[in-house]
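# have a look; sequence and predicted model below, questions after that.
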Amino acid sequence: VSTQSTGDYNYVIQNFTSFRYGREVAPGVTQTFLYMFVPSEQLAGGSRTFSLVMSLNYRGEDGTLYTDSPFNETVSVHEVDEGFDTEIFFMYVLLAALFALLLFGAQYLLSSAFGGRKGGRKPIETGTSGGIDYDYIPKDHLTTKKANGVKRD
């Protein structure tokens, strides 16, 4: 079983041949075979039609190989509407993120172009210039003690 282009039968779009039955059927007996297949997601969409062809290869009583096409019709493959399409959802998430980034960039450019910060910058404290006030430090911390530790060479 295969799908082919409706305009060119030599162009096979998808080949569904995945199982070979290899069963012997006695002459004059009718046999039914279950053949299940799943078309590719790329074939979905009702705007294009395909030719679905089932080719049957069999040997006659004398051993001659025959090929027959019991099913050869034009079909349309339709996509199942799931209700929630994750591809569309993530496309909208991406568009929302790009829009937010665009707004942030525009706000940054406009704020820097029209004056930036209104209050100006506050000066950074780098220390006192009037000396050190030792009144709040306990007196025992100010006295230097000799280290009673190990001598280092």
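Received the coordinates, thanks. Numbering: from 1, shown residues only.
# and Phe50, how many neighbours does it have?
Neighbours of Phe50 under the rule other CB atoms under 10 Å: 19. (C-beta placed from N, C-alpha, C; glycine too.)
# likewise the one 5 residues further on?
Using other CB under 10 Å, the number of residues around Ser55 comes to 13.
# with the one 5 residues further on instead?
Per other CB under 10 Å, the neighbour tally for Gly60 reads 9.
# residues near the nearest residue to it once chain neighbours are set aside, how many?
Closest residue to Gly60 apart from its sequence neighbours, by CB to CB, 6 or more residues apart in numbering: Tyr66 at 6.1 Å. Tyr66: 9 surrounding residues under other CB under 10 Å.
# go ahead and confirm Tyr66 touches Ser55.
No - Tyr66 is beyond contact range of Ser55, at 10.8 Å (criterion: CB atoms under 8 Å).
# in a helix, Ser55, correct?
No - secondary structure of Ser55 (DSSP: H, G, I helix; E, B strand; the rest coil): strand, not part of a helix.
# these two touch, right, it and Asp68?
Yes - counting by CB under 8 Å, Asp68 is a contact partner of Ser55 at 7.5 Å.
# where does the chain have its least confident helix or strand?
strand 2-5 (a mean of 66; mean pLDDT, DSSP states H and E).
# who are the packing partners of whichever helix or strand comes after that one?
Counting by DSSP states H and E, the next helix or strand C-terminal to strand 2-5 is strand 12-15. Other helices and strands packing on strand 12-15, by 3 or more CB pairs under 8 Å, 6 or more residues apart in numbering; DSSP states H and E, are strand 2-5.
# tell me how far the residue nearest the centre of the chain lies from Leu94.
By CA atoms, centre = their mean, the chain has its centre lying nearest to Glu87, at 7.9 Å. Plainly put, Glu87 is 11 Å away from Leu94 if you go by CB to CB, to the nearest Å.
# go on, Thr86?
12 Å.
# cool, Tyr134 as well?
Taking CB to CB, one finds Tyr134 at 62 Å from Leu94.
# contacts only, for Pro27.
Neighbouring residues of Pro27 by CB atoms under 8 Å, 6 or more residues apart in numbering: Glu61.
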